[in-house]
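>>> I need the structure of the sequence given here:
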Amino acid sequence: MKWVRRLGRNRSLRYQLRLSFILISLIALILSALLTYFGVLGILEKKTNESSMQYFLQAGDSINEFREEIDKMTKQLLIDPKFQQFLDNNLTEIPSRIQLHREIMQEMDVYLRNYDYLDSIYLYADDGRAIGVNGQKSALINDSLKQGHFYSSNSYHQVLLSNMKHTFPSIVWSGANRSEDFGEPSQPVAGRDSARNIITAARSVKSLYQSLPSAILILNVKEEKLFTLYNNLKSKLNGQIYICNRSGQVISHVDKQMLGSESKACRQIPDGSESGSLKKQDEQIVYSQIELTDWMMVKEVPIHEFIGDILNLRYQMFWIVGVSFIAAFIASALWIKKVTRPMHNLMEAMGMVEKGKLEIILEDGGMNEFSRLSSGFNRMSVGIKQLIEQNRLAEKEKTKAEIQMLQAQINPHFLFNTLNTIKWMSVVNKSDNITKSITSLSNLLRPIFKNTALLCTLKEELEYADHYITILNYRYGEGVEIEYSVAPELMNDKVPRFVLQPLIENSVLHGFERSGYAGKIRIEAQECRPYLIVRVIDNGQGMSDEKQIRVRQWMESDHMDDQAETSDEAAYGIGLRNVYRRIRLNFPECPTLTISSPSSGGLCVEFAIPISDT
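The predicted structure is shown next:
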C-alpha cells in the first residue's frame with residue numbers, strides 16, 4: 001500500500017477523495033466477483049437447503065419440546081419430598097429407609113407407565129447409594145467404592161461427569177448409550193443382543209438444605225422416540241438423515257448399527273457453525289444445529305439432484321459488475337461535491353477569524369462529520385466573543401474589588417491606640433459607661449486582628465455575642481436581653497467566626513424597632529449528627545410569609561445590580577445574606593439557612609454547621 005500513500009501525498013482533498021473512490025470501486029468489483037462465486041454455490045445448494053432447513057426447523061421444534069418435557073419431569077421428581085429425603089439421607093431407622101426406597105421406586109414406576117418412551121430412571125448419590133427402575137425390575141445399590149457398571153462406563157466418565165461440573169443445574173444429554181451401561185445384563189434373545197439403545201438425560205441435583213450437588217438424576221429415553229420425531233423427513237427428501245453430537249458421534253440413525261460410531265460428515269462440519277452445507281465427493285451435506293442443544297441434524301444428499309441449476313447463473317456476474325460500476329461512480333460524484341463545499345467554507349471562515357473578525361457563523365449543511373465540524377466552529381467563534389466579554393467584566397470587577405479593599409484598609413495599631421486613648425480619657429473623667437463600651441469594643445475587635453482563622457469555638461462566639469450586646473445596650477439603653485441554651489459539651493464545636501453578630505444585629509435593628517429596641521434574644525445550639533444546629537430566636541415584630549420568601553430569594557440570588565443590592569440591604573439587612581454566603585462558601589454540603597416564624601411570635605433564624613471529630 002506504499003504506492004497508494006505516495007499517490008495521495010501532498011495532493012488536494014478532492015484528488016484524495018477521487019483516488020479513494022477508485023480504490024473503493026475496485027474493491028467493490030472484487031467483492032462482486034466473490035459474491036457471484038458464492039452465489040453459484042448458493043444456487044447449487046438451494047433446493048436441498050430450502051427443503052432440508054424447513055424440515056430441520058420442524059423437527060428441531062419437536063425435539064426441543066420433547067427435551068423440555070424431560071426437563072419438567074426431572075424438576076417434578078426433585079421437588080417430591082421423598083426424593084428430597086433420599087438426598088438428605090437423614091433416616092437412621094432401617095424400616096423407614098426401606099419404606100422410603102419403596103415409595104421412590106413406586107413413583108419412578110408411575111412415570112415409566114405414563115410415558116412409554118422412558119426406558120429407565122436412576123438416582124445416583126455421591127456416597128454410592130443408588131436407586132432406580134427400568135420397567136422390568138427395580139434396583140437398590142449401596143456402592144460406596146463406586147465400582148459398579150455405571151461408574152466404570154464410558155457414559156459416566158467421558159460425558160456426564162466431565163460436563164456436569166460446568167452445567168449445574170442444567171440437564172446434560174448423552175446419546176448412543178446402552179442399557180448395559182447402567183448395570184442391566186446383556187443377554188442374547190433369539191440370536192439378538194437384548195441391550196437397548198437409549199438417550200440419557202442427566203442432571204446434578206441437591207436437596208433444599210444442601211449447598212452443593214450431591215447426586216445425579218438420570219432419565220433414559222428410548223432412542224426410537226427420538227428417531228420418530230424426525231423420521232417423517234425421510235419420505236420427503238432423498239438421502240440419509242441422522243443426528244450426531246458435536247464430537248461427530250451418531251446418537252440416532254435409521255441403521256442402529258451406526259449408533260455410537262463416528263460420522264465422517266459430522267467431522268467435516270466447521271467448529272462454531274450452526275447450519276449450512278458442504279460438499280463431500282459426490283454428496284451434498286446439509287446440516288443444522290438443533291436450537292438450545294449441541295446436537296446436529298445431518299442430511300446427506302446426492303449432488304446430482306441439484307447440479308442442473310448451475311446453468312441459471314451464467315449472466316449473474318455481468319449484471320453484478322455493471323451495477324457496481326454505475327453505483328460507485330454516481331456515489332463518488334455526489335459525495336465529493338457534498339463534502340468539499342462545507343470544507344471550503346470552513347477554510348474561508350478560519351481565515352476571517354485569524355484577521356480578528358469574530359462571530360462568523362457558517363450555514364448548517366447536514367449531519368456528516370464536516371457539518372458537525374462547522375457547527376463546532378460556530379460555537380467556538382461565539383464562545384471566543386463571549387469569553388472576551390467575560391474577561392472584560394472580570395477585570396472590571398477585580399478593579400472594583402481592589403478599590404474597595406484599599407478603602408477598607410485600616411491600621412490596626414492606630415485603631416487600638418485610638419481606642420486606648422479614648423478609654424483612658426474616660427477613666428480620667430470617671431465616665432464608667434464610656435470605659436465599659438470601649439472595653440467591650442476592644443474585646444470584640446481584638447480577634448479580627450490577632451486571629452485570622454475562619455473558625456472559632458462556640459464558646460468564643462458566645463463571648464463575642466456578649467460583648468456585642470453590651471455595646472448595643474449602651475447605644476439603645478438596657479432593653480436588649482440575651483439568654484443561651486447550649487449544652488457544655490457543645491462549647492468546643494467549631495463555627496464560623498462572627499456568625500452570630502450579624503444575626504443579633506438584624507434582630508435588634510429590624511425586630512425590636514417598634515418596641516424601642518427592647519426585647520429578648522435566645523440562642524440555642526443542638527447536636528444533630530453530623531451537624532450542629534444553631535438557632536437565633538427573638539420576640540420582635542417578626543416577618544410575614546411573603547416577606548420571608550422575598551428574603552430567601554434575595555439571599556440566594558447571585559446576580560443583581562449595585563442599586564438593587566443596596567436597596568435590598570437597606571430593607572432586609574446585610575446580616576442574613578452575609579451569614580448565608582459564608583456558610584454556603586465554607587460548607588456547601590450543609591442545609592441552607594432557614595427563616596421561620598415561631599408560634600409565640602418573633603423570628604427564628606436557623607443554620608447548620610458540620611461537626612468536626614478532630
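>>> C-alpha only now, for contacts and for neighbours.
OK.
>>> identify the residues contacting the nearest residue to Phe512 once chain neighbours are set aside.
Beyond its immediate neighbours in the sequence, the residue positioned closest to Phe512 (Cα to Cα, 6 or more residues apart in numbering) is Gly540, lying 5.2 Å away. For Gly540, the set of contacting residues under the criterion of Cα atoms under 8 Å, 6 or more residues apart in numbering consists of 507, 511-512, 515, 519-520, 601-603.
>>> by neighbours, which of the residues you listed wins?
In terms of neighbour count, Ser507 stands highest of the contacts of Gly540 at 29 neighbours, by other Cα atoms under 10 Å.
>>> how far away is that one from Gly132?
In this structure, Ser507 lies at 92 Å from Gly132, with Cα to Cα, to the nearest Å as the measure.
>>> likewise Arg514?
100 Å.
>>> which of those two has more neighbours?
Gly132 (25 against 11).
>>> please, which helix or strand holds that one?
strand 129-133 (DSSP states H and E).
>>> tell me the strands beside the very next helix or strand once past that strand, with direction?
Using DSSP H and E, the helix or strand that follows strand 129-133 towards the C-terminus is strand 138-142. The partner list of strand 138-142 in its sheet, established with DSSP bridges, is strand 129-133 (antiparallel).
>>> what's the mean pLDDT across the partner strand?
Across strand 129-133, the average pLDDT comes to 87.
>>> where do the helices sit along the stretch 451-600 of the chain?
Along the stretch 451-600 of the chain, the segments classed as helices by DSSP state H, counting those that start in this stretch run 458-476, 501-506, 545-556, 562-572, 574-586.
>>> adding mean pLDDT, distance to Cys244 and mean neighbour count, write those out as a markdown table.
Output for the helices of the stretch 451-600 of the chain, formatted as a markdown table (pLDDT from 0 to 100; distance: least, Cα to Cα, whole Å; neighbours: other Cα atoms under 10 Å):
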| stretch | mean pLDDT | distance to Cys244 | mean neighbour count |
| --- | --- | --- | --- |
| helix 458-476 | 85 | 85 | 18 |
| helix 501-506 | 87 | 88 | 20 |
| helix 545-556 | 86 | 77 | 14 |
| helix 562-572 | 53 | 87 | 12 |
| helix 574-586 | 80 | 74 | 17 |
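>>> out of these, which is closest to Arg102?
Distances from Arg102 to each of these were compared using Cα to Cα; the shortest belongs to helix 574-586, at 78.8 Å.
>>> the inter-axis angle of that closest one versus helix 545-556?
Regarding helix 574-586 and helix 545-556, their directions subtend 50 degrees when assessed with axes from the mean of the first three to the mean of the last three Cα atoms, to 10 degrees.
>>> contact partners of helix 574-586?
When contacts are taken as Cα under 8 Å, 6+ apart, the neighbours of helix 574-586 outside the stretch itself are 496, 499, 502-503, 505-506, 554-555, 590, 592-593, 609.
>>> quick one: mean pLDDT over the strand or helix carrying Pro342.
Secondary-structure element containing Pro342, defined by DSSP H and E: helix 316-354. In this model, helix 316-354 carries a mean pLDDT of 73.
>>> tell me which strands and helices it is in contact with?
helix 13-44, helix 369-408 (3 or more Cα pairs under 8 Å, 6 or more residues apart in numbering; DSSP states H and E).
>>> which stretches of the stretch 151-300 of the chain form helices?
Applying DSSP H, counting those that start in this stretch to the stretch 151-300 of the chain gives helices spanning 154, 161-167, 223-230, 264-267.
>>> how far does the third one sit from its chain's centre?
To tie it back to what came earlier, the one meant is helix 223-230. Counting by Cα atoms, centre = their mean, to the nearest Å, helix 223-230 is centred 46 Å from the centre of its parent chain.
>>> partners of Val221 in the sheet?
Bridge pairing for Val221 (DSSP bridges) gives the partners Leu118, Ile199.
>>> neighbours of it, just the number please.
Neighbour number of Val221 under other Cα under 10 Å is 23.
>>> now do Ser599
There are 7 residues near Ser599, going by other Cα under 10 Å.
>>> next up, phi/psi of it, please.
Comment: the main-chain dihedrals of Ser599 come out as phi -60, psi -30, following degrees, to the nearest 10.
>>> tell me the spacing between it and Ser324.
When distance is defined by Cα to Cα, Ser599 is 86 Å away from Ser324.
>>> what's the answer for Gln526, then?
As judged by Cα to Cα, Gln526 and Ser324 stand 82 Å apart.
>>> and Asp613, by the same measure?
To Ser324, Asp613 is 77 Å away according to Cα to Cα.
>>> what's the pLDDT at Asn451?
63.
>>> report the angle between the helix or strand harbouring Glu606 and helix 574-586.
Assigned by DSSP H and E, Glu606 belongs to strand 603-610. Here the directions of strand 603-610 and helix 574-586 differ by 20 degrees (the same axes, to 10 degrees).
>>> how about residues contacting strand 603-610?
Applying Cα under 8 Å, 6+ apart, the contact partners of strand 603-610 are 495, 503, 511, 530-543, 583, 587, 590-598.
>>> give me that answer again for 6 Å
530-538, 542, 593-597 (Cα atoms under 6 Å, 6 or more residues apart in numbering).
>>> which of the contacts of Gly540 fall within strands?
Within the contacts of Gly540, membership in strands is found for 519-520, 603, as judged by DSSP state E.
>>> export stretch 216-223 as PDB, just CAs?
In PDB, the C-alpha atoms belonging to stretch 216-223 read as follows (Å, rounded to 0.1, in the frame of the first residue of the first chain):
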ATOM      1  CA  ILE A 216     -27.200 -37.400  39.700                       C
ATOM      2  CA  LEU A 217     -30.700 -37.900  38.400                       C
ATOM      3  CA  ILE A 218     -30.800 -39.900  35.200                       C
ATOM      4  CA  LEU A 219     -33.800 -40.400  32.800                       C
ATOM      5  CA  ASN A 220     -33.000 -42.800  30.000                       C
ATOM      6  CA  VAL A 221     -35.100 -42.300  26.900                       C
ATOM      7  CA  LYS A 222     -35.600 -44.900  24.200                       C
ATOM      8  CA  GLU A 223     -33.700 -44.000  21.000                       C
END
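>>> check what pLDDT Val495 gets.
Looking at Val495, its pLDDT is 90.
>>> measure Ile121 to Pro213 for me?
When Cα to Cα is applied, the distance between Ile121 and Pro213 equals 18 Å.
>>> so which of the two has more stuff around it?
Neighbour tally, Ile121 and Pro213, criterion other Cα under 10 Å: the higher count belongs to Ile121, 25 against 17.
>>> what sits against the more buried one?
Residues near Ile121 by Cα under 6 Å, 6+ apart: 132-133, 218-219.
>>> among these, which ones are buried?
132-133, 218-219 (16 or more other Cα atoms under 10 Å).
>>> could I get those residues as a markdown table with distance to Arg113?
Formatted as a markdown table, the entries for these read as follows, by distance: Cα to Cα, whole Å:
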| residue | distance to Arg113 |
| --- | --- |
| Gly132 | 14 |
| Val133 | 11 |
| Ile218 | 17 |
| Leu219 | 14 |
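>>> returning to what we had before: output the contacts of Gly540 in a markdown table; the columns should cover pLDDT and distance to Val286.
Converted to a markdown table, those look like this (pLDDT from 0 to 100; distance: Cα to Cα, whole Å):
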| residue | pLDDT | distance to Val286 |
| --- | --- | --- |
| Ser507 | 87 | 94 |
| Gly511 | 86 | 95 |
| Phe512 | 86 | 99 |
| Ser515 | 85 | 104 |
| Gly519 | 90 | 101 |
| Lys520 | 92 | 99 |
| Gly601 | 86 | 93 |
| Gly602 | 90 | 92 |
| Leu603 | 91 | 89 |
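>>> looking at those, which is nearest Asp80?
The nearest member of those to Asp80, counting by Cα to Cα, is Leu603 at 72.4 Å.
>>> what bridges to that closest one?
As for beta bridges, Leu603 partners with Asp538 under DSSP bridges.
>>> separation between it and Val495?
Noted for Leu603: a distance of 21 Å to Val495, by Cα to Cα.
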